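> the sequence and its predicted three-dimensional model are supplied below.
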Amino acid sequence: MTVINATTIDQVVSALREYPQARLVQGGTDVMVEVNLNRARVHDVISLRRVNELRRWHVDEESGTVRIGAGVPYAEMERAPLCLHVPALGEAARTVGAPQIRATGSLGGNLGTCSPAGDGLPVLSALDAVVHLRSADDARDVVVHDFMLGVKQNAKRADEVIVAITVPLLVGFQGYAKVGMRNAMVISAASACLVHDADNGNVRLAFGAVAPTIVRARAAEAWLAERVSLRNSLTLDGAIAREFGQLAAKECAPIDDHRSTADYRRHAVAVLAERLLLRAAEQQGRDE
Amino acid sequence: MATTTATSRATLGTSAVRPDGMPKVQGRFAFASDVWADNMLWGATLRSPHPHARIRSIDVSGALAINGVSVVITADDVPGQLTYGLITSDQPVFARDVVRYAGEPVAAVAADHPETARRALDAIRVDYEVLSPLLDAEQAIDGSFAAIHPDGNVIRNQRVIRGDQSFVGDVIVEGSYELGMQDQAFLGLEAALALPDEDGAGVELFVATQWLHEDQKQIAACLDMPLERVRITLGGVGGAFGGREDISLQVHCCLLALVTRRPIKMQYGREESFFGHIHRHPARIVMRHHADRDGTLRRVEARAVFDGGAYASTSSAVLINAVTHMQGPYRCDIATVDGYVVRTNNPPCGAMRGFGVVQACFAHESQMDKLAVACGLSPVDIRLKNAMRTGDRLITGQIVESVAPVERCIRETAALPMPAPLLDEPDALELPGGSGLTARRSNIRRGVGWGVSIKNLMYSEGFDDYATARCRLADGVVTLQFATAEVGQGFVVLAQQIARTVLGIDTVLLEPISTAIGSAGSTSASRQTWMSGGAVDGACRLVREQLFAHVGATHDVDPLRLAIDATEVIDTMGTLRVAVADAARGLVLDETFEHHHRATEELDENGQGNCHVAFAFVAHRAVVDVDPDLGLVKVVQIATAQDVGRVLNPLAALGQVEGGIAQGLGLAVMEEIVLVNGKMRNPSFTDYLLPTALDAPEVVVTMIEEPEPQAPLGAKGIGEPPCISVTPAIVAAIRDATGKALTRVPVRPQDIVFGD
Ligand SMILES: Cc1cc2nc3c(=O)[nH]c(=O)nc-3n(C[C@H](O)[C@H](O)[C@H](O)COP(=O)(O)OP(=O)(O)OC[C@H]3O[C@@H](n4cnc5c(N)ncnc54)[C@H](O)[C@@H]3O)c2cc1C
């Protein structure tokens, strides 16, 4: 077993070329669980912890975006200033595991694992995030919707490393809500992220843990856009919010498992979508 | 005894600090899994993937071919008795012909490294003929399924019949209640180190267990050795809650050590732990209560079915507790109770904190609330009206001689402050859903619920579960010896407190907890403070008697006039006053004492008889916030007044109360082993959920101190009561908030959202 302690992305990608079977490890909060449960046999490891570039984030005012390094830990996302730029990501980060997990777990790992219950992923979906990938040969950007392919399947090639994620800086409400079977430190049974882009009035909604991968509720988004004048002011009556939630829930394909039931999950995302939309309207009312 | 003014001595009644406290907090405490020996090998267990199958053959050659594998053992290698068990010996050391639950041990290996051992397990080929499993407890009763074990499918059936069986009350309420399978989920995993004697005719075992001498007995029988050749020392234990009463890896570990003549270390991981120990019985209880119009309880009818899983463990005793506690802490003259505990191909169930009473209590407390509604009384008034008192009879005919302050428990709980109402903009983390940020204030409804319980203390049905302790006073230092398993409850500090109080000496050393002394019985049934506490107290008193005899002779005073005042021996009728340390100089006093509780009887076929030793009572009031649309719950506060006899260590007592409440909360809203076709779906802490800090409520407590005359120190056991009636109290509060029937625990979000 070889362990490569890379310090630059160039070292990472050349190591990936040299050891094509190597496993990338950032926080290790998914990898080590797999190893301990004997679900993964790890031969070579490329540790990303000392790659400082992956741990940085910065705001690009010109393009109105935030670029977040793949190794930035959740603990940093849940706190100011980063959570002020991307509030939904801050809320999602706060729901991940325990403080120990948040101190080290990352979006790179969340995307790498690509579980439908990954808490960062609905946020990236609702924000139409772009995933930046690098290999020894090339660099490419993939929209997050094209990146997430299925249960624990993504579009990353074996020779690639996720370098960063870019999300837009938006004006307007954004929020993440997650239902689990206890009040903290729990795997999502159903989750929702809603983003209101107050500049153009778009409302975007994504769900986690209710399909093989993250679901964007595009039909419900379009339905809402037809019904409500969304530019700047989001005024809403309760019945519309309720119907929006129910329509959106139809776009899910949840399952029964030991954590919950399909019926409950479908019900829960409808409630979450309704509540998030009402919160968005409330905030819009306050902002004006 | 002479009174002492305030001192900083860590005697009885103070929050004396535990000797194992700092090491545990600092990570220096050696748990059983930390024990190590030179030249040791690692043991590992192969388990059946099927809940029911016939073993056609086992081929171990692939495992033996692996470099570093020393040995593979199966049922054929067990030299003595092929089975073990706490009450009946029905559980195989290794399955031989049939496996009866998914997770049953089939073989064990010893290898030079845990990873080698794991690979060896993978290389063992077991040819199974899969059989259809018996999973429905009713099928075990009605005989429609062929016996899955030579002992049959009904482990025990017991009725309790008392009074006029044709009585019909003016008011009748009925219900059917169900409890899922809870796990003890102790944090310190099963672990042991076995060292073979050089002659191969004996073994020394360091193990995390609850009852050293019972282990010794069962291991010796399986190894075909005399008792004294199996010497057991307690390894550091990280919690037990009943889950370490049964044998898990003990026999496997000793046997591997004897076969290889090398030290063997075994330890389970978290997943294996779920397969390696027994669980709380899932149960279904149908109940009918009859009362007068004013709410006076007259008759309880109940049919209880407990799923014991594949092997008997303590099932028959659990059932007896359930059927004899069906009335709850209330007067009731007429009873018609029928209870079954049956064998199925589910994982075996046995002892867990509350031991059968948890199941009965969820049912009878749910019924009391129904009765309150039917009679137009509040939940508090119906309970006060029927509260049991000392001198009342149980449905077994036994008179409750214990102090029985049920009414006081209820009144003092009611007097505890309610939590502050929810703020207009509460901290979102404090709402149901917690860090998931699912709710706002307007989504929440608050509810209040009650639960009260009675719990027997010590073992029942004629069992003499005595405890032994030894006290040695030499050079002014006391050394105590006992085999009382310290599983986290704090007996080690209590023993020191007793010795300091009785003997006036502050330096109290503890011998290793081992089978080098007589049995202390099990650390279960809320019994060690009473039983081992009584034994330590008795041994210290014998030493004190000798000390007084010596001081009396030296100073020419009648020893009967002498007493201990703080750290001095004093003449209560004169002026003599000598420091114990001086009085004891040069003396070596050494006494051993056995404490026995009073004898109990077996039940007759109608469930009549004085089968229990003593009882403790407690009341719980739960306040919960519920998000009815999502079915999420936050338990805001638990108020409790507990009948404890006497508080011997306030901090330790509070720890038991708070911990028990968290465990009862777990059963109420989240803890369940999910079984599908006899297989566990969630054997991990990712999916077997325990309450976190955000789930744990504020706890407000009153300790009710009415010393128990029967108890050596006046103190009742306090370990189990906190976790019993808190579960129904929480469920009642959720019902209050939502109007839903909620007849099953744990209450799941979908039960609140979609339930009736
Ligand atoms: C106790 C516990 C609780 C948890 N709770 C939650 C929770 O509530 N919500 C949740 O979403 N998750 C949870 N997780 C899972 C985990 O913490 C997250 O998925 C986290 O985002 C993983 O990040 P990491 O940096 O630790 O990933 P790692 O374990 O280091 O890596 C995960 C995968 O991603 C790959 N990878 C990592 N970085 C890169 C990169 N830069 N480029 C390409 N591939 C990469 C790795 O090769 C691996 O396949 C929990 C885990 C534990 C142990």
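Perfect, thanks for sending it.
> please make it C-alpha for all contacts and neighbour counts, starting now.
OK.
> the closest residue to the ligand within the stretch 51-200 of chain B - how many residues pack around it?
Minimum separation of the stretch 51-200 of chain B from the ligand (C-alpha to the nearest ligand atom) falls at B:Leu187, amounting to 14.8 Å. By other C-alpha atoms under 10 Å in any protein chain shown, the residues close to B:Leu187 number 11.
> same thing with B:Arg28?
Count around B:Arg28 with other C-alpha under 10 Å applied: 11.
> next: A:Glu226.
10.
> roughly how far does the closest residue to the residue of the stretch 51-200 of chain B closest to the ligand other than its chain neighbours sit from B:Gly328?
Distance criterion C-alpha to C-alpha, 6 or more residues apart in numbering or on different chains; nearest residue to B:Leu187, sequence neighbours excluded, is B:Gly238 at 5.8 Å. According to C-alpha to C-alpha, to the nearest Å, B:Gly238 stands 32 Å off from B:Gly328.
> quick one: the helices in the stretch 351-500 of chain B?
B:357-375, B:379-386, B:406-415, B:491-503 (DSSP state H, counting those that start in this stretch).
> typo on my end, the stretch 101-250 of chain A
For the stretch 101-250 of chain A, the helices defined by DSSP H, counting those that start in this stretch cover A:107-113, A:120-126, A:144-147, A:218-227, A:238-249.
> ok, back up a step: got JSON lines for the helices of the stretch 351-500 of chain B, with mean pLDDT too?
Shown next, in JSON lines, are the helices of the stretch 351-500 of chain B (pLDDT from 0 to 100):
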{"stretch": "helix B:357-375", "mean pLDDT": "98"}
{"stretch": "helix B:379-386", "mean pLDDT": "98"}
{"stretch": "helix B:406-415", "mean pLDDT": "98"}
{"stretch": "helix B:491-503", "mean pLDDT": "98"}
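> the ones you listed: which one's closest to the ligand?
Going by C-alpha to the nearest ligand atom, the one of the helices of the stretch 351-500 of chain B nearest the ligand is helix B:357-375, 30.1 Å.
> what's the next secondary structure element after the longest helix along chain B?
The longest helix of chain B (DSSP state H) is helix B:528-555. Per DSSP states H and E, the first helix or strand lying C-terminal to helix B:528-555 is strand B:562-565.
> strand partners (parallel or antiparallel) of that following strand?
strand B:568-571 (antiparallel) (DSSP bridges).
> ok, and what's touching the strand it pairs with?
Contacts to strand B:568-571, defined as C-alpha atoms under 8 Å, 6 or more residues apart in numbering or on different chains, come from residues B:504, B:548, B:557, B:561-564, B:576-580, B:583.
> one step back: tell me which of B:Gly238 and B:Gly328 has more neighbours.
Neighbour comparison, B:Gly238 and B:Gly328: the larger count goes to B:Gly328, with 28 against 20 (by other C-alpha under 10 Å).
> got the end-to-end distance for stretch B:100-112?
Start-to-end, stretch B:100-112 (C-alpha to C-alpha) is 31 Å.
> may I see the buried residues of that stretch?
B:100-112 (16 or more other C-alpha atoms under 10 Å in any protein chain shown).
> any idea which of the helices of the stretch 351-500 of chain B gets closest to B:Val633?
helix B:357-375 (18.3 Å; C-alpha to C-alpha).
> report the backbone C-alpha coordinates of that closest one in PDB.
Taking Å, rounded to 0.1, in the frame of the first residue of the first chain, the C-alpha atoms of helix B:357-375 are listed here in PDB:
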ATOM      1  CA  VAL B 357     -41.900  -4.400  33.300                       C
ATOM      2  CA  VAL B 358     -41.200  -2.000  30.500                       C
ATOM      3  CA  GLN B 359     -43.600  -3.800  28.200                       C
ATOM      4  CA  ALA B 360     -46.300  -4.200  30.800                       C
ATOM      5  CA  CYS B 361     -46.000  -0.600  31.800                       C
ATOM      6  CA  PHE B 362     -46.400   0.800  28.300                       C
ATOM      7  CA  ALA B 363     -49.700  -1.100  28.100                       C
ATOM      8  CA  HIS B 364     -51.100  -0.400  31.600                       C
ATOM      9  CA  GLU B 365     -50.200   3.300  31.500                       C
ATOM     10  CA  SER B 366     -51.800   3.700  28.100                       C
ATOM     11  CA  GLN B 367     -54.900   2.000  29.600                       C
ATOM     12  CA  MET B 368     -55.000   4.300  32.600                       C
ATOM     13  CA  ASP B 369     -55.100   7.300  30.300                       C
ATOM     14  CA  LYS B 370     -58.100   5.700  28.400                       C
ATOM     15  CA  LEU B 371     -59.700   5.000  31.700                       C
ATOM     16  CA  ALA B 372     -59.300   8.600  32.800                       C
ATOM     17  CA  VAL B 373     -61.000   9.800  29.700                       C
ATOM     18  CA  ALA B 374     -63.800   7.200  30.100                       C
ATOM     19  CA  CYS B 375     -64.400   8.300  33.700                       C
END
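> show me what counts as buried in stretch B:81-93.
The neighbour-count check on stretch B:81-93 (16+ other C-alpha under 10 Å) flags B:81-86, B:88, B:90-93 as buried.
> for the longest helix of chain B, name the packing helices and strands.
strand B:467-474, helix B:491-503, strand B:562-565, strand B:588-595 (3 or more C-alpha pairs under 8 Å, 6 or more residues apart in numbering or on different chains; DSSP states H and E).
> helix or strand: which one has B:Ile58?
strand B:53-59.
> B:Ala75 touches B:Val99, doesn't it?
No - B:Ala75 is not in contact with B:Val99 according to C-alpha atoms under 8 Å; the separation is 11.9 Å.
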